[in-house]
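In: Generate a structure from the sequence data that follows.
(one chain, ligands or ions: 1)
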Amino acid sequence: MTFREQLCEYGRRAVELGLVIGTSGNLSVREGDRIAVTPSGVALDRLTPEMCPIVDLAGRLVEGDLQPSSETPMHLAVYETTDARAVVHTHSVFGTVVATTMTELPPVHYNTLLLGGVVRVAPYATYGTPELAANVRAALEGRRAALMANHGGVSIGATLEEAFEATRVLEWLCEVYVRASGVGKPAVLTDEQLTAVVERALNPPEFPRA
Ligand SMILES: [Zn+2]
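Out: Alright, predicted model coming up:
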């Protein structure tokens, strides 16, 4: 699958899973110094490969007739400072609920470690601006995902598949937190408990053969 075909495939999945609605949300994949990104103003389940613009690292349009997503500066900022090869941005419901009420996603489940640690909420700035790009870049430091205050979430990966999976993990964690908060006060894992999980994952016990 070409990178542009991948954008179509994962765009469809994002809509199917309810991670985005309408024309919200955007995805990109990097190959060398070129970035294929979803276009502005087209629903992610209506994309064709030719619709997806290709830009260079400075954000100049290299190929395509449609304008790149308005959030392209954020994607470029992430590529500039990380080794990510794909970025997924959505306005998923539970992620946005947490991003509207908290400054970080409390680690109520050890799966938060799949995202590199406690997920930060980047301070609010107008969509598409360099300020928002800078805030997201800072919130992503050492992480595979971040939330964006009063806006949504963003995930990165070595492939689009990986970045998309991180988006699903982020939304799952946010849903667990939000639903748990409706039942009672969620217990939050301590630093020690999270460290113990990392140690366990690094040294899995071997089951003896019968
Ligand atoms: Zn957005």
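In: Give the burial count for A201, as a bare number.
Out: The local packing of A201 (other C-beta atoms under 10 Å) involves 10 other residues. Where C-beta positions appear, they are placed from N, C-alpha and C, glycine not excepted.
In: and it, how far is that from T190?
Out: For A201, the distance to T190 equals 17 Å [C-beta to C-beta, to the nearest Å].
In: mind listing the strands for the chain?
Out: Taking DSSP state E as the test, the strands found in the chain are 26-31, 34-37, 54-56, 61-63, 86-90, 121-122, 145-148, 152-157.
In: I'd like the distance between the closest residue to G41 other than its chain neighbours and V37.
Out: In space, and not counting its chain neighbours, G41 is closest to T23: 5.5 Å by C-beta to C-beta, 6 or more residues apart in numbering. Distance of T23 to V37, given as C-beta to C-beta: 14 Å.
In: same check, this time on L7
Out: Using C-beta to C-beta, L7 is found at 8 Å from V37.
In: so what sits against both of these two?
Out: Taking C-beta atoms under 8 Å, 6 or more residues apart in numbering as the criterion, L7 and V37 both touch 27-28, 52.
In: So which of the residues you listed wins on neighbours?
Out: Going by other C-beta under 10 Å, S28 tops the shared contacts of L7 and V37 with 31 neighbours.
In: Next, the contact list for the residue lying closest to that one once chain neighbours are set aside, please.
Out: Take S28 and drop its neighbours on the chain: the residue closest to it by C-beta to C-beta, 6+ apart is V37, 4.0 Å away. V37 makes contact with 7, 26-28, 52-55, 68-69, 72, 75, according to C-beta under 8 Å, 6+ apart.
In: how about CSV for those, with distance to G18 added?
Out: As requested, these are exported to CSV (distance: C-beta to C-beta, whole Å):
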residue, distance to G18
L7, 19
N26, 16
L27, 16
S28, 21
C52, 22
P53, 26
I54, 28
V55, 28
P68, 24
S69, 20
T72, 24
H75, 22
